[in-house]
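Participant: Generate coordinates for the sequence data below:
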Amino acid sequence: MTTNNTSIAELVGSSKYNAIADDSLKDEDNAAWVMFLPRKIAGEWISVISWLRLIDRMAENEWLEGWGSRLQIFRIGWRALLVTGQVLSDDYHQKLLSQMHLRWWDNQDGGMDWASIYAWDEYVDAISEYHRSDMVFETIEEYERMLGRLGGSLMQVCPFLTDDERKKVRAFGVLDQFFNQLRDLEEDTAQNLCYFPADALNRFGVDRQEILDHSCFKNPGYHRMMKFWLNDYLPSLYIQAADFLNQENLHFSWRLLRHWFLRRYARIERCLRVCDMDFRAATKLYFSEVKPNVASWVNETFSTQGCLEMLLEAKNNPRPPEMPSPRDSSGQHRPIEPPPLPPAGDKGFDSGLFVLKRHRGMKSALR
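Facilitator: Purely as a prediction, here's the structure:
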């Protein structure tokens, strides 16, 4: 869904037939709402999302072409920037690194944005560590550490967060990574990847190979494990993220994101349950809902979050996002518009309470 015949997938560099998976539909499902933000705000989000997508593409490139890929070359250039504060003139990724230098080494306050720098450094390190074809987690603790290092740091890189909000959003990133891996079970198993930790598999008598070859659906232990995964373990992640889920005064773009993402999570869980935990059927059902419904999801999200006028302006005056530059033509830093507050009353998905109240038996998740 677009405002100017350009989709979010085209702007952030989604893969199309030249990587392990075509993520264009995923990006529409994740971020179609971004295209209806004010131009400058949309540009800030698209800039960061495109970097995250590019790093993901680089990590997959290692699987396709072996070690010594663009990701490792990027890490060398990034480390040089991190240590020296300068981009090497002949760096293979000079343009990309220069954009990061302008954003984080020359931010609007005239200083360095260390919080975002550290978050990005953790994300790059984590995606290199965990994007391996032989990745196996022995314990739930190891698995949850991965969720934090990947999903938590990813969220912390995003714009329009205060220092306090950046701390809280990490738990939301853990939740997001958990659901993304549930959504991608079919895609990951096709690449011989199984992220379920060994202690969970062993507890319910499920062999890792059963997940990979899809014979797990005949194993009653698999169905018990998935009920534990959704009924017991998942509520603990919602509880950890409760501070961010119930944060009142977020930037309006984050309120839209939170509402949009919570709907995605509910859909992922619903599709798995409806399909009796058959993630192959759940994947088909989940993505079949995107194109027919994305327009109504955008309308509902902006309306619920008190941003309907913003949406109407974007639809009536469609223009491409304005990609960020550190200063305007006068050399002055541009101010960021203060966010509007949401209307009083029921906030639906945004409150986070619907997911917290939904799980009545949370004590079992905390044992």
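Participant: Identify the residues contacting the closest residue to Val157 other than its chain neighbours.
Facilitator: Among residues not flanking Val157 along the chain, Ala119 sits closest, at 4.7 Å (C-beta to C-beta, 6 or more residues apart in numbering). The way it works is simple: take the backbone N, C-alpha and C, and place the C-beta from them, glycine included. If you count contacts by C-beta atoms under 8 Å, 6 or more residues apart in numbering, Ala119 has them with Ser153, Gln156, Val157, Arg166.
Participant: mind putting those in a markdown table, pLDDT included?
Facilitator: Conversion of the contacts of Ala119 to a markdown table gives the following (pLDDT from 0 to 100):
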| residue | pLDDT |
| --- | --- |
| Ser153 | 97 |
| Gln156 | 97 |
| Val157 | 96 |
| Arg166 | 97 |
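Participant: follow-up on the earlier one: return the distance of the helix or strand containing the residue nearest to Val157 from the chain's centre.
Facilitator: Secondary structure from DSSP states H and E places Ala119 in helix 114-130. Remark: helix 114-130 is offset 14 Å from the chain centroid, using C-alpha atoms, centre = their mean, to the nearest Å.
Participant: Please export the C-alpha coordinates of that helix as PDB.
Facilitator: The C-alpha coordinates for helix 114-130 follow below in PDB (Å, rounded to 0.1, in the frame of the first residue of the first chain):
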ATOM      1  CA  TRP A 114      26.200   7.000  21.700                       C
ATOM      2  CA  ALA A 115      23.100   5.100  22.600                       C
ATOM      3  CA  SER A 116      22.300   4.500  19.000                       C
ATOM      4  CA  ILE A 117      25.900   3.800  18.100                       C
ATOM      5  CA  TYR A 118      26.200   1.100  20.800                       C
ATOM      6  CA  ALA A 119      22.800  -0.400  19.800                       C
ATOM      7  CA  TRP A 120      23.900  -0.600  16.100                       C
ATOM      8  CA  ASP A 121      27.300  -2.100  17.100                       C
ATOM      9  CA  GLU A 122      25.500  -4.800  19.100                       C
ATOM     10  CA  TYR A 123      23.100  -5.500  16.300                       C
ATOM     11  CA  VAL A 124      25.900  -5.900  13.700                       C
ATOM     12  CA  ASP A 125      27.800  -8.200  16.000                       C
ATOM     13  CA  ALA A 126      24.700 -10.200  16.900                       C
ATOM     14  CA  ILE A 127      23.600 -10.700  13.300                       C
ATOM     15  CA  SER A 128      27.100 -12.000  12.400                       C
ATOM     16  CA  GLU A 129      27.000 -14.400  15.500                       C
ATOM     17  CA  TYR A 130      23.500 -15.800  15.000                       C
END
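Participant: How is the protein divided into domains?
Facilitator: If you go by automatic domain parsing, the domain ranges for the chain are 39-119, 133-317.
Participant: Quote the end-to-end distance of the longest one.
Facilitator: It stands for domain 133-317. End-to-end distance of domain 133-317: 46 Å, with C-alpha to C-alpha, to the nearest Å as the criterion.
Participant: Stretch 154-166 too?
Facilitator: Rule used - C-alpha to C-alpha; the end-to-end distance of stretch 154-166 is 11 Å.
Participant: buried stuff in stretch 95-107?
Facilitator: For stretch 95-107, the neighbour count (16 or more other C-beta atoms under 10 Å) marks Leu96, Leu97, Gln99, Met100, His101, Arg103, Trp104, Trp105 as buried.
Participant: Would you mind pointing out the helix or strand the fourth one falls in?
Facilitator: The reference is to Met100. Element membership for Met100, per DSSP H and E: helix 94-104.
Participant: Also Val136?
Facilitator: Per DSSP H and E, there is no helix or strand for Val136.
Participant: so how many other residues sit close to it?
Facilitator: Residues lying near Val136 (other C-beta atoms under 10 Å) number 13.
Participant: quick one: it and Ala198 touch, right?
Facilitator: Yes. Counting by C-beta atoms under 8 Å, Val136 touches Ala198, with 6.9 Å between them.
Participant: which helices and strands sit right next to the helix holding Met100?
Facilitator: When contacts are defined as 3 or more C-beta pairs under 8 Å, 6 or more residues apart in numbering; DSSP states H and E, helix 94-104 sits against helix 39-65, helix 70-84, helix 114-130.
Participant: Can I get these in JSON lines including distance to Cys216 and mean pLDDT?
Facilitator: Output for the helices and strands packed on helix 94-104, formatted as JSON lines (distance: least, C-beta to C-beta, whole Å; pLDDT from 0 to 100):
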{"stretch": "helix 39-65", "distance to Cys216": "23", "mean pLDDT": "87"}
{"stretch": "helix 70-84", "distance to Cys216": "31", "mean pLDDT": "91"}
{"stretch": "helix 114-130", "distance to Cys216": "22", "mean pLDDT": "94"}
